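Engineer: turn this into a model:
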Amino acid sequence: MPNRNKEKGSRGEIKLVKEFEKAGFRARRIPYSGALESWKGDVEAWTPKGKLTGEVKIRSSGFKFLYDNLGVHDFLAIREVKKEEAAHLNNWQSTKPYLIILTLDKFLEILDIK
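Structural biologist: All right, here's what the predicted structure looks like:
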């Protein structure tokens, strides 16, 4: 019996690799992604700035918050803070770094590919 989530993930990885290649990157799916400790990530892409390794997540509606908040902006910055510290923004600290979310087109533009 096929694992539909795995198939959906594989299709998303293949599509992203094709998008990278169309933009002039050398890219590939990582074999056995996530199955082996030595092979991290789902996709590797080589850019003029070096090799990048990434995870690919595909959801039917789970990213609505991200798309809605990115909107027409160039990027979306998100960061997790402890619940008890979130109410006191002038006093919070986080061990988690900011995550920057941007469209593939903006990402390629930053790398001077597109």
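Engineer: and the pLDDT for residue 34?
Structural biologist: For residue 34, the pLDDT comes out at 65.
Engineer: ditto for residue 110
Structural biologist: pLDDT at residue 110 comes out at 87.
Engineer: could you do residue 47 as well?
Structural biologist: pLDDT, read off for residue 47, is 86.
Engineer: likewise the one 5 residues further on?
Structural biologist: In this prediction, residue 52 carries a pLDDT score of 91.
Engineer: with residue 95 instead?
Structural biologist: The per-residue pLDDT of residue 95 was computed as 72.
Engineer: residue 2 too?
Structural biologist: So residue 2 comes in at 66 (pLDDT).
Engineer: do the same with the one 4 residues further on
Structural biologist: Residue 6 is assigned a predicted lDDT (pLDDT) of 79.
Engineer: host element of it?
Structural biologist: According to DSSP states H and E, residue 6 maps onto helix 4-22.
Engineer: past that helix, which element shows up next along the chain?
Structural biologist: strand 26-29.
Engineer: report all helices and strands that that following strand contacts.
Structural biologist: The contact analysis (3 or more CB pairs under 8 Å, 6 or more residues apart in numbering; DSSP states H and E) places strand 26-29 against helix 4-22, strand 43-47. All C-beta spots, glycine's among them, are computed from the backbone N, C-alpha and C.
Engineer: need the contact list for residue 100.
Structural biologist: 75, 76, 77 (CB atoms under 8 Å, 6 or more residues apart in numbering).
Engineer: quick check: domain ranges of the chain?
Structural biologist: Following the assignment in automatic domain parsing, the chain carries domains at 1-58, 59-114.
Engineer: pick the most deeply packed of those.
Structural biologist: Mean neighbours per residue, mean count of other CB atoms under 10 Å, is largest over the domains of the chain for domain 1-58, with a mean of 14.
Engineer: what residue ranges in this protein are flagged as low confidence?
Structural biologist: Counting by pLDDT under 70, the chain contains low-confidence ranges at 1-2, 34, 83-94, 113-114.
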